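Visitor: Model the following, please.
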Amino acid sequence: MLDWEQIFATRSSRMKASEIRELLKLLEQPDIISFAGGIPDPALFPAEEFQEAYAEIFSGTQVNAALQYSVSEGYKPLREWLAGEMAGIGIDCTADNVFIVSGSQQGLDYLGKLFLSPKDTALVTWPTYLGALSAFNAYEPNYDQLNPGGNRTPDAYRETAAKLGGAVKFAYLSADFSNPTGETVDLAGREKVLALADELDIAVIEDAAYQSLRYDGEAIPPIMALDIARSGGIENTRTIYCGSFSKTLAPGLRVGYIVASAPVIRKLVLMKQAADLHSSTINQIAIERVASRGFDKQVAKIKAAYSARRDAMLSALDKYMPKGTRWTKPEGGMFIWVTLPEGMDGAALLAKSIATEKVAFVPGRAFFADGSGSNTLRISFSCANEAMIEEGMKRLGRLITTAQAEAGEVLPAI
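Guide: Reported below is the predicted structural model:
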C-alpha cells in the first residue's frame, strides 16, 4: 500500500483534529449536558426572515444572478451595508475595504497564508482561539506570547523570532469577549498592542467574532478604530478586522468578512480566486436582506437570551464550585474560562466527567500554543437553558470536589 505520510507536504504534520469539533459529537447523546460547543442557539436563528429572503430571491428577477458565479470581493450591497455598520463603531471605510469570505475561519486561513512563511512568528495570546491556531499551523509558524498588559520589549520579540529562523509577522487577538476566556482587552491594552505593532512593523489581526454580543459595561473602540483615529484613515492602518454573521444571524450560511486597507484586500482577492472563486452568492444576498431589515432587532433578541444564561452560569459557579477554583466574569460573548486547582488536569477531568457526571466541556490545554494550561477548561452558556446550567454546574462542582478529595486535597465549598 502507498505510504501516504511519505508524500504529504511537511505542513500536514501540523494539522490536527479540532478537540471542539470532536466534542460536538457529544451533543448527539441525550444524557450529556454539554457546555462544550461554543455555538449559537439554533432556537434563536431568524428562520422566518431567511425563509422570506430566499423565497423572494427565487420568485423574483434576482434568481439567475443568485445562482450564478459572482465577483471574488463579494456581493456589493452586502459590502456597502457592512461599510455602514463599520462606520457606527468608528471604522470609516468604503465597500472596497470590505472582503467577503466563507466564514471568518476562511479569513484566518487566508491571512495565515498571506503573512506566514515557515519559521516566521505569530504573536498570540495565551490562551487563544483554537481555530486560529489550526488555521495558522498549516503555514508552519512559531508562536510567541502576546500579552496586551505586559511590558516585554519589541527587541525581545525580534530576537526570539530571529533565533527560531524567521521574523515576527503579526499579532492576533480577539479584543472583545474572546474565545476561549470571555475576557475583554481594555483600552490601554489595545493601545499597547498597536504601539508594539508599530515598533515591530507588523500587522494586527483583530478577530471581532463576538463584538456585537456585549451585555453590560461600556463599549471599547475596536483596535482598527483606534488605528484609523491615529493614522488618519483606513489606508494608513496596519490593523485587519475580521467579522462574521455566524454568531448573530446563522453560522450555516458561512458568511464572514474582512475589513482592511486596499493592498491587503487586493492580495486576498487573488487568494480567493485561486481557492473557491467567491463565497456563495445566494447566501450573501440572503444575509444582506435579513441584516438590512432587522440586524439590530436580531442582536437584541440574542443578547437578552445569552445574558440571562451567562448570569445563571455565574450564579451557579458561585454556588457549586469548590475553593481553589477560579473563573472569568465576561461582559459578553459565549464563554467562561475556569482555572482548576493546581495539579488538576482538564482532559482527565473531562474523561471522568463523561463517565460519571455526564457533563461536557472543553479542556483548556488545546487553546495554548505551547501546550500549557492543563488545569483550565472552557464552558459555554449559549446553548444551555437555566435548568441545564444549574444542574450541570452542580455536577461539575461535585466532580471537582471529588477529584480534590481523591488527591488528598479536600477543600470546603465557597
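
Visitor: What's the mean pLDDT across the helix or strand T402 falls within?
Guide: Element membership for T402 (DSSP states H and E) is helix 386-406. When pLDDT is averaged over helix 386-406, the result is 94.

Visitor: Check which helices and strands it is in contact with.
Guide: Helix 386-406 sits against strand 33-34, helix 281-320, helix 346-352, strand 359-360, with contacts defined as 3 or more C-beta pairs under 8 Å, 6 or more residues apart in numbering; DSSP states H and E. Yep, even glycine has a C-beta here, placed from its N, CA and C like the rest.

Visitor: After the second one, which helix or strand is next?
Guide: So that's helix 281-320. Counting by DSSP H and E, the next helix or strand C-terminal to helix 281-320 is strand 326-327.

Visitor: Provide the strand pairings for that following strand, with the direction of each partner.
Guide: Strand 326-327 has the following strand partners under DSSP bridges: strand 335-339 (antiparallel).

Visitor: which outside residues touch the partner strand?
Guide: 38, 127, 177-183, 310, 313-314, 317, 321, 325-330, 361, 364, 375-381 (C-beta atoms under 8 Å, 6 or more residues apart in numbering).

Visitor: try it again with 6 Å
Guide: Residues from elsewhere that reach strand 335-339 (C-beta atoms under 6 Å, 6 or more residues apart in numbering): 38, 179-182, 326-328, 376-380.

Visitor: same check, this time on stretch 361-374
Guide: With C-beta under 6 Å, 6+ apart, stretch 361-374 has contacts from 19-20, 35-36, 124, 126-127, 130, 143, 180, 345-347, 350, 376-379.

Visitor: Need the helices and strands packed on helix 386-406 in JSON lines (columns: mean pLDDT and distance to Y257).
Guide: As requested, these are exported to JSON lines (pLDDT from 0 to 100; distance: least, C-beta to C-beta, whole Å):
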{"stretch": "strand 33-34", "mean pLDDT": "92", "distance to Y257": "29"}
{"stretch": "helix 281-320", "mean pLDDT": "98", "distance to Y257": "10"}
{"stretch": "helix 346-352", "mean pLDDT": "92", "distance to Y257": "33"}
{"stretch": "strand 359-360", "mean pLDDT": "94", "distance to Y257": "31"}
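
Visitor: Against N142, how distant is G392?
Guide: Per C-beta to C-beta, to the nearest Å, G392 is found 38 Å from N142.

Visitor: Between those two, which has more neighbouring residues?
Guide: Between G392 and N142, G392 has the larger neighbour count (other C-beta atoms under 10 Å), namely 26 against 18.

Visitor: Check the gap between that one and P180 for me.
Guide: As defined by C-beta to C-beta, G392 lies at a distance of 18 Å from P180.

Visitor: again with V124
Guide: V124 is 12 Å from P180, where distance means C-beta to C-beta.

Visitor: How far does stretch 353-369 sit from its chain's centre?
Guide: Remark: stretch 353-369 is offset 18 Å from the chain centroid, using C-alpha atoms, centre = their mean, to the nearest Å.

Visitor: ditto for stretch 196-214
Guide: How far stretch 196-214 lies from its chain's middle: 12 Å, per C-alpha atoms, centre = their mean.
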